[in-house]
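Engineer: quick one, fold the following:
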Amino acid sequence: MGRLRTRTRYNKRSYESESKDPNKVFIIAVEGNETEAQYFCGLENNSKYLGIPSTVRIEVLDRYDTKSAPKYVVELLEEYIREGYTTTFIDKFKDTIENAGLGDTAENLIRKYFEDKISSETRKEMERLIYEADRDRIYYQYLETWNIDKKEFCVVFDRDKQSTKPWDFSQVVKDSIEKGYRVVITNPCFEFWLLLHVCDVQKEYSLDEIIQNRSVSRDKNFVDSKLSEILGGYNKSNIKFEEIFMNKIDIAIKREKEYATYWKDIINNVGSNVGSFIEDIRKR
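Structural biologist: Sure, this is the predicted structure:
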């Protein structure tokens, strides 16, 4: 494994004593560990306020690597399905160490740890990793208590035509649907969905400006830049879900309906079905 863990494992709802057993658990794989992950974790953490039933859970898978193409999102989900429940503590711990960048193999580091042949700094880091690996193992056991028929597996994709060829993207989407996964798509990018929260996009920008989403600086495309202008700055690593977006979800859902919302249409047109996904969650 080596790159799989659950990002929402310590969210505000998972272990509340008054929580009901879930009727539905959405297991979500997203691109990267920043924008999309924060947004869906925000939905889970604020579920009561957002009208999401207490019998629904949203669990976002986290990853250790930086691979974000659609096929890797599917691989992450399938890695969870295939191995998530069967990983032993020692396997999880070895994987965690291998990805920690401590400068040696897991086997050597474990041996040196018990032989007291590592620095105090490395020892402290390994003990932190032991704690983290064991927490993940316990959380997988917790998820295993939910029946498979209660789980809905979801993948979240950006269309991002600059990095994914149309045929490749369409094929990944079709394959995911055939496997029974729920597909959530934004075109051209997830920031388009965020922009719908804070701006009447249809009135302010042309379809061509949005769909082209041209690069305007070293680290921003058109949609990113407009989001940043409106918000007075935009940081993918800290989107401030509760402060900026949480109270504007309903207006974003309304605006989303002005664009493509069916997955086949979104592939080649400006659109999103994130709002439709949220509406569905609220009805469960």
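
Engineer: I figured residue 187 hits residue 266, correct?
Structural biologist: Yes. Contact criterion C-beta atoms under 8 Å: residue 187 and residue 266 qualify, at 5.0 Å. Quick note: C-beta positions are derived from backbone N, CA and C, even for glycine.

Engineer: those two: who's more crowded?
Structural biologist: For residue 187 versus residue 266, neighbours defined as other C-beta atoms under 10 Å are more numerous around residue 187 (27 against 22).

Engineer: what touches both of residue 187 and residue 266?
Structural biologist: 159, 260, 272 (C-beta atoms under 8 Å, 6 or more residues apart in numbering).

Engineer: can you pull the contacts of the last one?
Structural biologist: When contacts are counted by C-beta under 8 Å, 6+ apart, residue 272 is found next to 185, 186, 187, 192, 193, 196, 256, 259, 260, 261, 266.

Engineer: closest one of those to residue 117?
Structural biologist: Set against residue 117, the nearest of the contacts of residue 272 by C-beta to C-beta is residue 186 (50.0 Å).

Engineer: let's see the pLDDT reported for the residue lying farthest from the centre of the chain.
Structural biologist: Most distant from the centre of the chain: residue 115, at 39.4 Å, with distances by C-alpha atoms, centre = their mean. pLDDT for residue 115: 78.

Engineer: tally of neighbours for residue 152?
Structural biologist: 17.

Engineer: can you give me the pLDDT of it?
Structural biologist: On the pLDDT scale, residue 152 gets 93.

Engineer: for it, list the residues it contacts.
Structural biologist: 24, 25, 26, 27, 182.

Engineer: and it, which helix or strand is it part of?
Structural biologist: Assessed by DSSP states H and E, residue 152 sits inside strand 151-158.

Engineer: between the contacts of residue 152, which is nearest residue 231?
Structural biologist: residue 26 (27.5 Å).

Engineer: which ones are touching that closest one?
Structural biologist: 56, 57, 58, 59, 151, 152, 154, 182, 281.

Engineer: circling back to that earlier point, past the strand holding residue 152, which element shows up next along the chain?
Structural biologist: Next along from strand 151-158, by DSSP H and E: helix 166-178.

Engineer: circling back: between the contacts of residue 152, which sits nearest residue 276?
Structural biologist: Nearest member of the contacts of residue 152 to residue 276, counting by C-beta to C-beta, is residue 182, at 10.4 Å.

Engineer: can you pull the pLDDT of the closest one?
Structural biologist: Note for residue 182: predicted pLDDT of 96.

Engineer: bridging residues for it?
Structural biologist: Partner residues in beta bridges with residue 182, using DSSP bridges, are residue 154.

Engineer: how about the contacts of residue 26 in TSV, adding distance to residue 46?
Structural biologist: As requested, the contacts of residue 26 are exported to TSV (distance: C-beta to C-beta, whole Å):
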residue	distance to residue 46
56	13
57	13
58	11
59	15
151	22
152	20
154	19
182	21
281	12
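
Engineer: show the low-confidence segments of this protein, by residue range.
Structural biologist: Applying pLDDT under 70 to the chain flags residues 1-20, 64-65, 83-93, 135-148, 161-164.

Engineer: can you name the two of the contacts of residue 152 that sit furthest apart?
Structural biologist: The span of those, defined through C-beta to C-beta, is set by 25 and 182 at 12.1 Å.

Engineer: residue boundaries of the strands in the stretch 101-250 of the chain?
Structural biologist: Along the stretch 101-250 of the chain, counting by DSSP state E, counting those that start in this stretch, strands occupy 151-158, 182-187.

Engineer: need the ones you listed in TSV (columns: distance to residue 250).
Structural biologist: Listed next are the strands of the stretch 101-250 of the chain as TSV, based on distance: least, C-beta to C-beta, whole Å:
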stretch	distance to residue 250
strand 151-158	20
strand 182-187	18
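
Engineer: relative to residue 172, which of these is closest?
Structural biologist: strand 151-158 (7.5 Å).
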